[in-house]
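have a look; sequence and predicted model below, questions after that.
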Amino acid sequence: MNSNPKVPVYVISGFLGSGKTTVLLHMISHFRNIGKNPGIILNELGDENVENHLFEGQQVVELLNGCICCTIQDDLKTTLKGYINEEVDVLLIEGTGVANPLEIKDVLLDPLYLEHFELQSMISLVDASHYLEYQSFFNSSKEIRALLKEQVTSANILVLNKIDLVSEKELNKVEAKLADELDDHVPIYRTSFGEVPLELMLEKRFHVREVSHSHSTHELHHHHHHHIEATKLRVESPVKKDVLEKQLKKLSKHVIRAKGIIQLADDSRYFEFQYAAGQLRLNMIEKPDGLSPAVVLIGDKLEQDKVERFYKELTEQ
Ligand SMILES: Nc1nc2c(ncn2[C@@H]2O[C@H](COP(=O)(O)OP(=O)(O)OP(=O)(O)O)[C@@H](O)[C@H]2O)c(=O)[nH]1
């Protein structure tokens, strides 16, 4: 008999493009391999999750059009309620890259949900190749710097990801900065593609006694991602890969992250693409069912005219 009927929950957080989905996919396949049924809650900034196909056959609830932590916090509550009577063995929650994980934790620690769910660990991802750069890039934005910090300080385990993209020297610098911000007992694991051994990743590191009622950050937090916006562009016609790459690079000062589904010109097949840390990756996929090709740009102060120019250059080939 199960002496603990509560559903264990893991929250995966981290800034845009840090590797959250990569880790989530590792976790899903681990649980399925050991015969467990994971429930998944995804939160995306756009109104459609263009990464849908990655989760085929999974029990996924998507919270779109906002970020779990504020605009659709109520949706998270409703979704959790829905999971109370579901046959899931574990619940995995991925916030948007601009989610304040403390607010997600807040919901999980509401007495209503504490009865049914047991937070195991707040897993935070940091992109080693961009962490220091973001500190200076967002120098003028107090909110974003605070968010970056909270994504780190809320961690029960910190996954320092994308180490393949940085030198040992830079890595040491990033780690020293993170160690300053973290409690001594929070481990930092250096990884590429989030490959922390699962037994370490899944260790129960959060204990309810840590709960405090000092949640006065709520008001402050509300504007944390004031400048970061997601723009979704429907791109019905085929596009050229080199044009896409060139146009994304042109916007590199403003676009932190882009992703989407496109049909390639001269090829006609469909591809999912990911653009992070200045790198474009394409993966061929089946023609997406019920999902139109689209490009989602996520950026800071992404002005309308720049987006329009991008769209024009991309589609008028
Ligand atoms: N070089 C390198 N690329 C990585 C690593 N981890 C993830 N990526 C790539 O970085 C891109 C973003 O990874 P995701 O896992 O989607 O990141 P995310 O945090 O979920 O992104 P958002 O949902 O936009 O916040 C993808 O193309 C990944 O394949 C890594 O360790 N090294």
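Looks like it arrived, so ask away.

up against the ligand, what does the stretch 51-200 of the chain have?
Residues of the stretch 51-200 of the chain found near the ligand (Cβ under 6 Å from any ligand atom) are Gly97, Asn161, Lys162, Asp164, Leu165, Ser192, Phe193, Gly194. Quick note: C-beta positions are derived from backbone N, CA and C, even for glycine.

the residues you listed: which two are farthest apart?
Gly97 and Asp164 (20.0 Å; Cβ to Cβ).

which of those two has more residues huddled nearby?
Shown here are Gly97 and Asp164; by other Cβ atoms under 10 Å, Gly97 has more neighbours (27 against 10).

quick one: the closest residue in space to that one that isn't next to it in sequence from Asp164, how far?
By the measure of Cβ to Cβ, 6 or more residues apart in numbering, the closest residue to Gly97 outside its immediate chain neighbours is Leu16, 3.2 Å from it. Distance, Leu16 to Asp164, by Cβ to Cβ, to the nearest Å: 19 Å.

bridging residues for Ile40?
Residues in a beta bridge with Ile40, per DSSP bridges, are Val60, Leu92.

picking up where we left off before, and the residues of the stretch 51-200 of the chain next to the ligand, which of them are buried?
Buried by 16 or more other Cβ atoms under 10 Å: Gly97, Asn161, Lys162, Leu165, Gly194, out of these.

dump the residue contacts of the residue of the stretch 51-200 of the chain found nearest the ligand.
Per Cβ to the nearest ligand atom, Gly97 is where the stretch 51-200 of the chain lies closest to the ligand, at 3.2 Å. Gly97 is in contact with Gly14, Phe15, Leu16, Gly17, Ser18, Lys20, Leu45, Arg257, Ile298, counting by Cβ atoms under 8 Å, 6 or more residues apart in numbering.

now do the SS call for the residue of the stretch 201-317 of the chain found nearest the ligand.
With Cβ to the nearest ligand atom as the measure, Gln274 is the residue of the stretch 201-317 of the chain nearest to the ligand, at 3.2 Å. Assigned by DSSP: H, G, I helix; E, B strand; the rest coil, the conformation of Gln274 is strand.

hang on, isn't it packed against Arg281?
Yes - taking Cβ atoms under 8 Å as the definition, Gln274 is a contact partner of Arg281 at 4.9 Å.

more crowded one of these two?
For Gln274 versus Arg281, neighbours defined as other Cβ under 10 Å are more numerous around Gln274 (18 against 11).

relative to Thr79, how far out is the residue of the stretch 51-200 of the chain closest to the ligand?
Distance from Gly97 to Thr79, by Cβ to Cβ: 19 Å.
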